[in-house]
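**Student:** Build me a structure from this.
(one chain, ligands or ions: 2)
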Amino acid sequence: MLIVMRAHATDEEIQRVCDAIKAMNLTPHAIPGAERTAIGITGNRGEIDVGVLEDLPGVVEAIPVSKPYKLVSREIKPENSIISVGQTTIGGKSLAVVAGPCAVESYDQAMTIAERVKKSGATLFRGGAYKPRTSPYTFQGHGVEGLKILAKVREKFDLPIVTEAIDEESLAAVDEYADMIQIGARNMQNFSLLKRAGRAKKPVLLKRGMSATLDEFLMAAEYIMSEGNYRVVLCERGVRTFADHTRNTLDLSVVPAVQRLSHLPILVDPSHGTGRRDKIRPLSRAAVAAGADGLLIEVHHQPDHALSDGAQSIYPEEFDRLMLEIRQIASVVDRVVN
Ligand code: PEP
Ligand code: MN
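**Tutor:** Ligands and ions are numbered 1, 2, ... in the order given. As a prediction, the model looks like this:
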């Protein structure tokens with residue numbers, strides 16, 4: 001259920017509706033929009049008796065939400081959300097470009113790559129300190145030491161930091177050191193972790209599970225928002241198919257599909273989406289053309305020596321070229337590049 005407030009409802013009127021919802025033992029979620037604030041209600045098992053809410057000052061109407069997800073839906077917020085991350089934003093006219101190595105390997109490695117991607121126009125820096133690896137015998141990340149290196153990158157290059165949390169313990173650490181918490185594909189349906197991310201201070205970058213449907217993807221975002229963290233950005237990173245010419249099949253059609261149903265921004269990650277260096281630029285161009293709100297790109301200055309995902313990491317020179325290319329395509333779809 002959704003309580004739609006009139007265009008210039010006062011803070012007091014909104015608060016009064018929220019208090020009335022709480023008095024019914026339910027949870028209010030006030031989502032301000034360009035035209036009006038809507039208040040989503042969660043926590044109910046059955047029908048809600050909205051009579052008392054509809055009579056409160058400032059309320060226009062109570063409307064049932066037709067989708068299984070409420071807070072991620074365009075029904076609660078018709079216009080696109082712009083999510084603040086550090087000093088930048090994701091979801092506006094300007095495309096977000098998240099770039100960096102798969103993993104933080106050393107101070108020098110992170111600094112070298114950060115300097116290059118910053119110069120090319122990246123708006124956020126990424127690098128894993130906690131790596132979910134297929135094999136327990138491969139590099140698992142430097143943990144808190146990696147987070148400290150990332151904090152130094154932010155300080156030196158003035159770039160907000162995105163990094164992955166793989167469990168509740170690492171999530172608390174990432175929430176402390178980084179500007180944005182990444183929840184990886186393997187954890188997209190780790191519901192307790194999603195709820196914990198919903199109670200974090202920082203915005204969340206939620207990657208699509210490798211076999212997740214659109215509804216499952218949006219419901220995962222709903223888990224985070226239902227706990228009160230409304231700063232969620234989605235990320236398509238490829239799904240498993242029979243195709244074996246790439247690591248995954250990048251599903252660009254999910255971009256307009258998400259945008260039709262949800263107000264949340266969506267990025268595209270052609271690095272994990274294809275797993276192949278030579279596919280990154282073509283699919284980055286296509287993602288921008290399809291209307292993505294930005295990209296997530298793995299960049300390494302020595303990919304042959306990378307401790308993870310070297311085969312899909314592009315060289316800094318190629319990243320520079322990618323930025324030039326997407327700048328041109330962005331103008332066709334009424335977007336701009338930093
Ligand atoms: C990553 O971003 O480095 C990563 C592990 O991605 P995914 O969760 O999409 O596999
Ligand atoms: Mn990676």
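**Student:** Identify the residue nearest whichever residue of the chain sits closest to ligand 2 in space, chain neighbours excluded?
**Tutor:** Using Cβ to the ion, the single residue of the chain nearest to ligand 2 is residue 102, 3.2 Å away. To be clear about C-beta, it is placed using only N, CA and C from the backbone, and glycine gets the same treatment. Distances taken as Cβ to Cβ, 6 or more residues apart in numbering place residue 309 nearest to residue 102, at 3.7 Å, with adjacent residues excluded.
**Student:** tell me the contacts of the one you found?
**Tutor:** Shown in contact with residue 309 (Cβ atoms under 8 Å, 6 or more residues apart in numbering): 102, 103, 271, 272, 275, 298.
**Student:** Pick the one among those residues closest to residue 159.
**Tutor:** residue 298 (15.5 Å; Cβ to Cβ).
**Student:** Does the closest one touch residue 312 like I think?
**Tutor:** Yes: using Cβ atoms under 8 Å, residue 298 is in contact with residue 312, at 5.8 Å.
**Student:** re the thing from before, near ligand 1 too, which of the contacts of residue 309?
**Tutor:** 102, 272 (Cβ under 6 Å from any ligand atom).
**Student:** Out of the contacts of residue 309, which sit inside helices?
**Tutor:** 271, 272 (DSSP state H).
**Student:** Can I get the contacts of residue 309 in JSON lines including neighbour count and pLDDT?
**Tutor:** Shown next, in JSON lines, are the contacts of residue 309 (neighbours: other Cβ atoms under 10 Å; pLDDT from 0 to 100):
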{"residue": "102", "neighbour count": "25", "pLDDT": "98"}
{"residue": "103", "neighbour count": "26", "pLDDT": "98"}
{"residue": "271", "neighbour count": "29", "pLDDT": "98"}
{"residue": "272", "neighbour count": "22", "pLDDT": "98"}
{"residue": "275", "neighbour count": "18", "pLDDT": "97"}
{"residue": "298", "neighbour count": "30", "pLDDT": "98"}
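**Student:** ok, which pair from the contacts of residue 309 is furthest apart?
**Tutor:** So, the contacts of residue 309 by Cβ to Cβ: farthest apart are 103 and 275, at 15.5 Å.
**Student:** one step back: what touches both of residue 298 and residue 312?
**Tutor:** Shared contacts of residue 298 and residue 312, counting by Cβ under 8 Å, 6+ apart, come down to 271, 272.
**Student:** on that earlier part again, wait, the residue of the chain closest to ligand 2 touches residue 306, no?
**Tutor:** Yes: under the criterion of Cβ under 8 Å, residue 102 is in contact with residue 306, at a separation of 6.6 Å.
**Student:** okay, and the common contacts of these two?
**Tutor:** With Cβ under 8 Å, 6+ apart, residue 102 and residue 306 have common neighbours 300, 313.
**Student:** ok, residue 171 to residue 190 distance?
**Tutor:** Going from residue 171 to residue 190 by Cβ to Cβ, to the nearest Å gives 10 Å.
**Student:** wait, I meant residue 63
**Tutor:** 32 Å.
**Student:** These two: which has the busier surroundings?
**Tutor:** residue 190 (19 against 14; other Cβ atoms under 10 Å).
**Student:** burial count for the closest residue to that one other than its chain neighbours?
**Tutor:** Nearest-residue entry for residue 190: residue 183, 7.7 Å, with adjacent residues in sequence omitted and distances by Cβ to Cβ, 6+ apart. The local packing of residue 183 (other Cβ under 10 Å) involves 28 other residues.
**Student:** dump the residue contacts of residue 183.
**Tutor:** 164, 165, 190, 193, 194, 197, 204, 205, 206, 207, 220, 224 are the contacts of residue 183 under Cβ under 8 Å, 6+ apart.
**Student:** What about those, which are in helices?
**Tutor:** Filtering these for helices - DSSP H - leaves 193, 194, 197, 220, 224.
**Student:** And the residue nearest to the second one when sequence neighbours are not counted, how close does it get to residue 229?
**Tutor:** Leaving out its chain neighbours, the residue that sits closest to residue 194 by Cβ to Cβ, 6+ apart is residue 223, at 3.8 Å. Note on residue 223: its distance to residue 229, by Cβ to Cβ, is 10 Å.
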